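K.L.:
Predicted model follows, preceded by the sequence.
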Amino acid sequence: MFDVLPDRVPWYLVGPGLGLLIVALFLIANQPLGASGAYVQTGLALRRRPGVAAWRVWYFVGMFVGGVLATRVLRAGDGTRSGYDALREVLPLAAVVPVVLLGSILLGYGAGMAGGCTSGHGMCGTAQRSPASLAVTATFMVVAVAVTFVLRLATGGDL
């Protein structure tokens, strides 16, 4: 059943599509698209705080449900994938779980410190020519390249 969608949609389709979505969202709601913003708004909704943007809650729920559907329904015979297969080939599960947990904590902390996540700053903030977003995007790109380089050295190219 997974033959309906390719493993990866080509960048030349996804990039312009995301760009059009971001522009449309600014035109319609005058708000940026970002995963951490959706997470924060969902937390506010669960605590019944006023002023919650309901569409962001649905966006957050949709990211989760879409991931589950893509792995469970479209890949019916393959089971659920974690997305960490390359890491699992190099490290045992007992090491992968704390690494992913620590990484997610650091990611959340960094998104809080930076005032948004990579998608919010990288796609929306830079499109608005925000100096803070340009600095944050440059920082996470440099760190990503450095971490990839260190991982390749540490694992002999396995990761």
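P.N.:
All right, it came through fine.
K.L.:
contacts, neighbours, all on C-alpha from now
P.N.:
OK.
K.L.:
which residues in this structure form helices?
P.N.:
For the chain, applying DSSP state H gives helices covering 11-29, 35-46, 54-72, 85-90, 93-114, 118-119, 126-127, 131-154.
K.L.:
got a list of contacts for the fifth one?
P.N.:
The reference is to helix 93-114. By C-alpha atoms under 8 Å, 6 or more residues apart in numbering, the residues outside helix 93-114 that reach it are 36, 87-88, 117-118, 136.
K.L.:
Mean neighbour count for the helices of the chain - can I get that in CSV?
P.N.:
CSV is the format used below for those (neighbours: other C-alpha atoms under 10 Å):
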stretch, mean neighbour count
helix 11-29, 12
helix 35-46, 18
helix 54-72, 15
helix 85-90, 13
helix 93-114, 13
helix 118-119, 18
helix 126-127, 16
helix 131-154, 14
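K.L.:
The ones you listed into a markdown table, with extra columns for mean pLDDT?
P.N.:
Output for the helices of the chain, formatted as a markdown table (pLDDT from 0 to 100):
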| stretch | mean pLDDT |
| --- | --- |
| helix 11-29 | 89 |
| helix 35-46 | 86 |
| helix 54-72 | 85 |
| helix 85-90 | 81 |
| helix 93-114 | 83 |
| helix 118-119 | 80 |
| helix 126-127 | 86 |
| helix 131-154 | 91 |
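K.L.:
before we move on, back to that, for the contacts of helix 93-114, name the two members farthest from one another.
P.N.:
Based on C-alpha to C-alpha, the longest span within the contacts of helix 93-114 runs between 88 and 136 and measures 29.8 Å.
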